[in-house]
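Undergrad: the following comprises the amino acid sequence and a computationally predicted model.
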Amino acid sequence: MAWITKNSAEAQIETRDEPYLTPDMEKKLREVYMPRYERPKGALFPALHMVQHHYGWIPQQAMQEIADVLEIAPSEVLDTVSFYEEYWELPKGEHLISVCRSIACEFCSATACTEAIKAKLGIDVGQTTDDGKFTLVELECLGSCGTAPVALIDDDLHENLSPARIVSMIDQVQNGTYTKGGTGAVKEDL
Ligand code: FES
């Protein structure tokens with residue numbers, strides 16, 4: 001197997017003057033989260049959640065700022081962020097569509113749903129539409145195998161999907177008629 005190398009030594013990270021870790025966030029990290037753990041590093045997950053919840057993703061500058069507060073190497077923060085797919089290293093669209101790709105859903109036409117979404121939005125898995133409205137990803141089992149295939153629109157779980165149903169829901173998001181809360185409606189509806 002060939003090794004693929006990249007020149008990390010000369011890599012530049014995009015920075016801005018204003019810190020991502022706001023004074024309120026840093027105060028919460030130091031006064032609420034860090035005291036809960038024996039070592040500062042223990043507060044890494046809550047720190048990352050806090051930043052992602054605020055910005056929707058975790059910029060590299062924010063990783064560096066978190067590392068400074070927790071007194072750990074920035075590479076440790078990057079290792080954690082890049083290991084868990086729930087953490088975002090790039091900005092994502094206003095709405096995140098996550099289709100389960102694990103076996104039960106795959107057997108029940110999840111791939112057809114994904115293909116329908118790709119065709120509807122003109123993007124591939126892992127991409128964001130040009131208008132920044134939608135990002136499409138695939139996830140492993142969402143714990144709802146009995147109602148496969150399933151997908152999330154943002155935090156809403158939608159069960160018993162069909163390609164027509166998921167496309168119809170995207171239409172609803174686009175025209176402002178989408179109702180948050182998720183559905184478990186049966187396939188025969190569409
Ligand atoms: S395989 Fe899709 S929810 Fe379990």
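TA: Good, I have the coordinates.

Undergrad: sec struct for the residue nearest to the spatial centre of the chain, please.
TA: Centrality entry for the chain: nearest residue to the mean C-alpha point is Glu86, 4.8 Å, by Cα atoms, centre = their mean. Secondary structure, DSSP: H, G, I helix; E, B strand; the rest coil: Glu86 is coil.

Undergrad: also Leu96?
TA: Assignment for Leu96 (three-state DSSP): strand.

Undergrad: please report how far Glu115 lies from the ligand.
TA: Using Cβ to the nearest ligand atom, to the nearest Å, Glu115 is found at 16 Å from the ligand. C-betas here are computed from N, CA, C, even on glycine.

Undergrad: how many neighbours does that residue have?
TA: By the criterion of other Cβ atoms under 10 Å, Glu115 has 12 neighbours.

Undergrad: tell me the contacts of it?
TA: The contact partners of Glu115, by Cβ atoms under 8 Å, 6 or more residues apart in numbering, come to Pro163.

Undergrad: and it, backbone torsions?
TA: Main-chain torsions, Glu115, degrees, to the nearest 10: phi -60, psi -40.

Undergrad: report the buried residues of the helix or strand harbouring Cys105.
TA: Assigned by DSSP states H and E, Cys105 belongs to helix 103-107. Within helix 103-107, the residues that count as buried by 16 or more other Cβ atoms under 10 Å are 104-105.

Undergrad: got the contact list for that helix?
TA: 99, 141, 145-146, 148-150.

Undergrad: 7 Å - rerun?
TA: 145, 148-150 (Cβ atoms under 7 Å, 6 or more residues apart in numbering).

Undergrad: now stretch 50-68
TA: In contact with stretch 50-68 (Cβ under 7 Å, 6+ apart) are residues 13, 15-16, 19-21, 25, 28, 47-48, 73-74, 76-78, 81, 87-92.

Undergrad: cool, stretch 8-19 as well?
TA: Taking Cβ under 7 Å, 6+ apart as the rule, stretch 8-19 contacts 60-61, 65.

Undergrad: the ligand: which of those is nearest?
TA: Taking Cβ to the nearest ligand atom as the measure, the ligand sits nearest to Gln60 out of those, at 32.2 Å.

Undergrad: so for the closest one, what's the pLDDT?
TA: We have a pLDDT of 95 for Gln60.

Undergrad: what about it, neighbour count?
TA: 18.

Undergrad: do Glu85 as well
TA: 11.

Undergrad: likewise Thr80?
TA: For Thr80, the count of nearby residues is 19 (other Cβ under 10 Å).

Undergrad: give me every residue that touches it.
TA: Thr80 sits in contact with 44, 48, where contact means Cβ under 7 Å, 6+ apart.

Undergrad: possible to save the contacts of helix 103-107 as TSV with secondary structure, pLDDT and neighbour count?
TA: Formatted as TSV, the contacts of helix 103-107 follow (DSSP: H, G, I helix; E, B strand; the rest coil; pLDDT from 0 to 100; neighbours: other Cβ atoms under 10 Å):
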residue	secondary structure	pLDDT	neighbour count
Cys145	helix	97	16
Ala148	coil	97	21
Pro149	coil	97	31
Val150	coil	97	28
